[in-house]
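Enquirer: Test case, fold it:
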Amino acid sequence: MTKRKNSPQKNLQEITTANELIKNDLNNITESEFRIIVIKLISGLENSIKDSRESLATEIKGLRNSQEELKNAINELQNKMEMNTARIEEAEERIGELEDKIMEKEEAEKKRDKKIQEYEGKIRELSDALKRNNLCIIRIPEEEERGKGAEGVLEEIIAENFPDLGKEKDIEIQEAQRTPFRRNLNQSSARHIIVKVAKYKDKEKIVKAARDKCALTYKGRPIRLVTDLSTETWQARKEWQEIFNAMNRKNMQPRILYPANLSFRI
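Expert: The predicted structure is shown next:
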């Protein structure tokens, strides 16, 4: 035989009935009836409290379950965050290692480039040193030196442009030739003539005289006479050309000093 629980609605009805009896028949009831009413009221209150406790216990249990689920979800989220944090730290370490390697590589490349520049500078200096006593004559037509040699061409240039310098008898020419050695038939411009004099001071006399006169001619045609330098030095000097021309227009007396330094006056 199962014991049936009183529903909250039944308990409420009992309490309501008891209250009505107290209000309406309080003067007409006997002591035993009054006791029965009181017992019913107490019983109804106990059942109501019991039902409330059971309902509250169920709610508390549900809240605890929800709290446990929330706690599990928070723990799972924390685990994922820790995993992500570990991955981020690992990625940062790898990025740091890569950055260090890149910096080391860049530093090594800078050192290599510096070494290359140093070697190129030494090669240029060596090449210029070998050409220290050389003069370069530009725009002389091909085959003009036939019969008299390239040395004769320089002597005619000196006689035509620097008569006073031509009177000096101690200027000794060691050798002279066209460069490049083989002529390119597809190139219309004449090859340069390279003349090597025996003494450096004689070369400087000729270059200074050419610089002072500015416009040189050979048989009435304009030519150029400059110091023979390496290709790298000429390229470095060429980079100054626009600034050189602008300073020249302002009468600042610009000069390109060896190897490729710009000098001027204000």
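
Enquirer: Is Glu142 within a helix or a strand, and which one?
Expert: Taking DSSP states H and E as the definition, Glu142 sits outside all helices and strands.

Enquirer: same question, Gln177
Expert: strand 173-179.

Enquirer: Report all helices and strands that that strand contacts.
Expert: helix 149-161, strand 192-197 (3 or more C-beta pairs under 8 Å, 6 or more residues apart in numbering; DSSP states H and E). Just so you know, the C-beta spots here come from the backbone N, C-alpha and C atoms, and that holds for glycine as well.

Enquirer: and with 10 Å instead?
Expert: strand 134-138, helix 149-161, strand 192-197 (3 or more C-beta pairs under 10 Å, 6 or more residues apart in numbering; DSSP states H and E).

Enquirer: Paired strands for it, with orientation please.
Expert: strand 192-197 (antiparallel) (DSSP bridges).

Enquirer: Show me the contact partners of the strand it pairs with.
Expert: 130-140, 144-145, 150-151, 153-155, 157, 171-180, 203-206, 223-226, 228 (C-beta atoms under 10 Å, 6 or more residues apart in numbering).

Enquirer: Take it, keep the C-alpha atoms, and write them as PDB.
Expert: Taking Å, rounded to 0.1, in the frame of the first residue of the first chain, the C-alpha atoms of strand 192-197 are listed here in PDB:
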ATOM      1  CA  HIS A 192      89.700  56.000 -77.400                       C
ATOM      2  CA  ILE A 193      93.400  56.400 -77.600                       C
ATOM      3  CA  ILE A 194      95.300  55.600 -74.500                       C
ATOM      4  CA  VAL A 195      98.700  57.200 -74.200                       C
ATOM      5  CA  LYS A 196     101.200  56.300 -71.400                       C
ATOM      6  CA  VAL A 197     103.900  58.900 -70.500                       C
END
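
Enquirer: the inter-axis angle of it versus helix 149-161?
Expert: 90 degrees (axes from the mean of the first three to the mean of the last three C-alpha atoms, to 10 degrees).

Enquirer: immediately after strand 192-197, which helix or strand?
Expert: Assigned by DSSP H and E, the successor of strand 192-197 is helix 200-213.

Enquirer: Could you figure out how far that following helix is turned away from strand 134-138?
Expert: 30 degrees.

Enquirer: for helix 200-213, packing partners?
Expert: strand 134-138, helix 149-161, helix 163-166, strand 192-197, strand 221-227.

Enquirer: hmm, try it at 6 Å
Expert: Judged by 3 or more C-beta pairs under 6 Å, 6 or more residues apart in numbering; DSSP states H and E, helix 200-213 has no packing partners among the helices and strands.

Enquirer: What are the buried residues along that helix?
Expert: Buried residues in helix 200-213, defined by neighbour count with 16 or more other C-beta atoms under 10 Å: Asp202, Lys203, Lys205, Ile206, Ala209, Ala210.

Enquirer: Please name the nearest non-neighbouring residue to the last one.
Expert: In other words, Ala210. Leu225 (4.4 Å; C-beta to C-beta, 6 or more residues apart in numbering).

Enquirer: Compile the helices and strands packed on strand 173-179 into a markdown table and extend it with columns for mean pLDDT.
Expert: Listed next are the helices and strands packed on strand 173-179 as a markdown table, based on pLDDT from 0 to 100:
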| stretch | mean pLDDT |
| --- | --- |
| strand 134-138 | 93 |
| helix 149-161 | 90 |
| strand 192-197 | 93 |
